[in-house]
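Asker: Here is my input; please provide its structure:
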Amino acid sequence: MTEHTARTPHGALVEEVATAVTGVPGVAFLRPGLADRLRSALPRPAPHPAGIRMTRPDGEGRWHVEIHVVALRQARTVDVARGVRDAVGRRLGVLAPAASPPRVTVTVTGLL
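Answerer: Residues are numbered from 1 along each chain as shown. Here you go, the predicted model:
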């Protein structure tokens, strides 16, 4: 686990949050985006996870984090969503300790 500052690139924060989300019991994977579904013969850099959207509406305030996951059928969906929300809050608390607590929205888009 790395500690980050306000100057940490956005992509690095998204990757750290993605790691926290996929470690939550009951999460099968982050929802894939269109780019993840299309395959190309051309090499391209690895995109950021499509199931995570992180914004700061005023550029300085608290993070607004939207997470879209696919959960495992045997897990209770509400427990998965709460676990993801808590894991993201804890991880961003370490990554950006001076910032206000993030507003986290979790959507379970499917079951596996």
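Asker: Identify all contacting residues around the helix or strand where Ala28 lies.
Answerer: Ala28 belongs to strand 27-30 when assigned by DSSP states H and E. Outside strand 27-30, the residues that touch it by CB atoms under 8 Å, 6 or more residues apart in numbering are 18, 21-22, 49-52, 67-72, 80, 83-84, 112. Glycine gets a C-beta too; all of them are placed from N, C-alpha and C.
Asker: What ranges in the chain fall below the confidence cut-off?
Answerer: Along the chain, segments meeting pLDDT under 70 span 1-8, 33-48, 98-99.
Asker: what are the ranges of the strands in it?
Answerer: 27-30, 52-55, 64-71, 103-111 (DSSP state E).
Asker: how far is the last one from where the chain is centred?
Answerer: Relative to the centre of its chain, strand 103-111 is centred 10 Å away, using CA atoms, centre = their mean, to the nearest Å.
Asker: all numbers from here: first residue = 603
Answerer: New numbering, starting at 603: the last item is strand 705-713.
Asker: tell me what that strand is packed against?
Answerer: Counting contacts by 3 or more CB pairs under 8 Å, 6 or more residues apart in numbering; DSSP states H and E, strand 705-713 packs against strand 666-673, helix 679-697.
Asker: List the strands paired with the shortest one, with their directions.
Answerer: Spelled out, that is strand 666-673. When pairing is defined by DSSP bridges, strand 666-673 lines up against strand 629-632 (antiparallel), strand 654-657 (antiparallel), strand 705-713 (parallel).
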